[in-house]
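[1] next comes the sequence, and after it the predicted model I'd like to discuss.
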Amino acid sequence: MKNNKIKLLAVMMMICMLAVGLTGCGGSDSNTIKIGLLNEMTGGNATLGTSAANGAKLAFKEINANGGVLGKQIEAVVADNKSEPAEAANAITKLINQDKVVAVTGTFSSSNAIAAASVAEAAKVPYLAAGATNPKVTVDEKSGKVFDYVFRVCFIDPFQGTVAANFATDNLKLTKAVILVDNSSDYSKGLADFFKKAFTAKNGQILGEEAYLQKDQDFKTILTKIKALNPEIIYVPGYYEEVGKIVKQAREIDLKCVIMGGDGWDSPKLGEIAGADALNNTFFTNHYSVDSDDEKSKAFVEAYTKEYGQKPDALAVLGYDAARVLIDAITRANSTEPAKIQAALTETKDFAAISGDTTLNATHDAVKNAVVIEMKNGKQEFKASVKP
């Protein structure tokens, strides 16, 4: 009897071990594959993070409706980084260690992505950022080494800053600029540096450089100082919350010059904060224009609008593209093992994304076009498309 009990116990242990093996590997059970969505769902960049999350969810919904991937359904696990780097590190740690996701996508803010990247790299879990453009997201600043497990589907700031500078000098024929930078943002400081280098290389003159901090409310003292310099253009590579207030207050003191910035401007909230009239004579570089006549883009806009009741912004597109690129890598890897997904991501080439055919280069950054958007009467208008 004792031997029978021992044998029975041994069989039960083997069954338990087998069950653990089936459900505990790679963050998936027999029916689902868990993928983390790390986004700014609250805080200063909430509209952008929410758009990216919505784009990814739409991609997963479409993929699941078509049978899923590797015979399984995708389960999105949403984590709010609260628009704060420390929270981004905490949130991705939870996704990896507790939720057992096989990979993570999302994130708009470069500071948040940089914080998350070090966690993903240490854990050896693929992390595909949607809209973080600072070079330090995929390359370790101290060593210069490319992170093995960190990628992104957007262009980077050296390209974006150069596009803005060239558009200002070549298209708008402007040569005198002031730079107004968010000193609390890696994204803003990096983009400002790249604009400055490209602008001065085109014989443009930087009349002055001023700074503010995220969550500042009153910019009139700085703007009055800038007005005295009589610039033709103010370059403001910030996020929509502060940018909206800056533009509004600039027009209130009769500062009428061109104001230009980067993809951090792209939010419906910008018009609400600044006002439609104040935004006239402003431009920003971006990843995508909703006015694109590409058939894939039209189909996406229709599907997104039907799902969420509003047209997508660029972050919705990037969230969607990042999700699709990640699923493509899992499909090609034919596995949910993080190392195999990572290897497949490195081989991503000419993926037909909504924001443009996407190839991930040696530094794991996307090679793709940028667009310039003009604000007219509170609405975005496509102005130009620029190749890398």
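    Received the coordinates, thanks. None of the values given here were measured: they were computed from a predicted structure. Numbers count the residues shown, from 1 in each chain.
[2] list the buried residues in stretch 192-201.
    Of the residues in stretch 192-201, those buried under the neighbour-count criterion (16 or more other CB atoms under 10 Å) are 192, 193, 194, 195, 196, 198, 199. Just so you know, the C-beta spots here come from the backbone N, C-alpha and C atoms, and that holds for glycine as well.
[3] okay, and which of these map to helices?
    Cross-referencing the buried residues of stretch 192-201 against helices under DSSP state H gives 192, 193, 194, 195, 196, 198, 199.
[4] so which of the residues you listed comes closest to residue 72?
    Proximity of those to residue 72 (CB to CB) peaks at residue 194, which lies at 41.8 Å.
[5] can you check the pLDDT for that closest one?
    The confidence metric pLDDT takes the value 97 at residue 194.
[6] dump the residue contacts of the closest residue to it other than its chain neighbours.
    By the measure of CB to CB, 6 or more residues apart in numbering, the closest residue to residue 194 outside its immediate chain neighbours is residue 161, 2.8 Å from it. Under the criterion of CB atoms under 8 Å, 6 or more residues apart in numbering, the contact list for residue 161 reads 190, 191, 192, 193, 194, 195, 196, 197, 198, 237, 262.
[7] tell me which helix or strand of the protein sits lowest on mean pLDDT?
    None of the helices or strands of the chain scores lower by mean pLDDT, DSSP states H and E than helix 2-24, at a mean of 36.
[8] find the nearest non-adjacent residue to the most centrally placed residue in the chain, please.
    Relative to the mean C-alpha position of the chain, the nearest C-alpha, by CA atoms, centre = their mean, is the one of residue 131, at 1.4 Å. For residue 131, ignoring the flanking residues on the chain, the nearest one in space by CB to CB, 6+ apart is residue 108 at 4.2 Å.
[9] would you mind measuring from that neighbour to residue 229?
    In this structure, residue 108 and residue 229 are 32 Å apart, going by CB to CB, to the nearest Å.
[10] and what of residue 76?
    Note on residue 76: its distance to residue 229, by CB to CB, is 48 Å.
[11] more crowded one of these two?
    Neighbour tally, residue 76 and residue 229, criterion other CB atoms under 10 Å: the higher count belongs to residue 76, 20 against 13.
[12] any chance you could list what contacts the helix or strand harbouring residue 297?
    Under the assignment given by DSSP states H and E, the secondary-structure element containing residue 297 is helix 295-308. Contact with helix 295-308 is made by 54-55, 58, 61-62, 288, 290, 292, 311-312, 316-317, 320, 352, 354, as judged by CB under 8 Å, 6+ apart.
[13] kindly write the PyMOL command that selects the buried subset of those.
    Selection of buried members from the contacts of helix 295-308 for PyMOL, criterion 16+ other CB under 10 Å:
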select buried, resi 54+55+58+288+290+292+312+316+317+320+354
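[14] out of the contacts of helix 295-308, which are inside helices?
    Cross-referencing the contacts of helix 295-308 with the helices (criterion: DSSP H) gives 54, 55, 58, 61, 62, 316, 317, 320 as the overlap.
[15] would you check which pair of these lies furthest apart?
    Using CB to CB, the ones in helices among the contacts of helix 295-308 reach their maximum pairwise distance at 61 and 317, which is 15.7 Å.
[16] care to break the chain down by domain?
    The chain breaks down into these domains under automatic domain parsing: 31-155+292-368, 158-286.
[17] distance to residue 380 added to those, as JSON lines?
    Shown next, in JSON lines, are the domains of the chain (distance: least, CB to CB, whole Å):
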{"stretch": "domain 31-155+292-368", "distance to residue 380": "9"}
{"stretch": "domain 158-286", "distance to residue 380": "8"}
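[18] between the ones you listed, which one is closest to residue 376.
    Between residue 376 and these, the tightest spacing by CB to CB is seen for domain 158-286, at 6.4 Å.
[19] so what's the residue count around the closest residue in space to residue 332 that isn't next to it in sequence?
    Nearest-residue entry for residue 332: residue 344, 4.5 Å, with adjacent residues in sequence omitted and distances by CB to CB, 6+ apart. Burial measure for residue 344: 20 neighbouring residues, criterion other CB under 10 Å.
[20] the closest residue to residue 72 other than its chain neighbours and residue 113, how far apart?
    Ranked by CB to CB, 6+ apart and with sequence neighbours excluded, the top spatial neighbour of residue 72 is residue 33, at 5.0 Å. If you measure residue 33 against residue 113 using CB to CB, the figure is 23 Å.
[21] just the helices in the stretch 51-200 of the chain please.
    85-97, 110-123, 157-166, 186-201 (DSSP state H, counting those that start in this stretch).
[22] avg pLDDT for the shortest one?
    Just to be clear, that refers to helix 157-166. Averaged over helix 157-166, pLDDT sits at 96.
[23] now it: how far from the chain's centre is it?
    Its chain's C-alpha centre and that of helix 157-166 lie 17 Å apart, by CA atoms, centre = their mean, to the nearest Å.
[24] orientation of that helix relative to helix 186-201 in degrees?
    50 degrees (axes from the mean of the first three to the mean of the last three CA atoms, to 10 degrees).
[25] ramachandran angles for residue 109?
    Phi and psi for residue 109, reported as degrees, to the nearest 10, are phi -70, psi 130.
[26] list the buried residues of the helix holding residue 297.
    Along helix 295-308, the positions that meet the burial threshold by neighbour count (16+ other CB under 10 Å) are 297, 300, 301, 303, 304, 308.
[27] and if you look at stretch 227-235?
    227, 231, 232, 233, 234, 235.
[28] my guess is the fifth one meets residue 227, correct?
    No. In this structure, residue 234 is not within contact of residue 227 by CB atoms under 8 Å, at 9.6 Å.
[29] shared neighbours of the two, anything?
    Residues touching both residue 234 and residue 227 (CB under 8 Å, 6+ apart): residue 255.
[30] what's the most distant pair in the contacts of helix 295-308?
    It's 61 and 292 that sit farthest apart of the contacts of helix 295-308, by CB to CB, at 22.1 Å.
[31] perfect, I'm done here.
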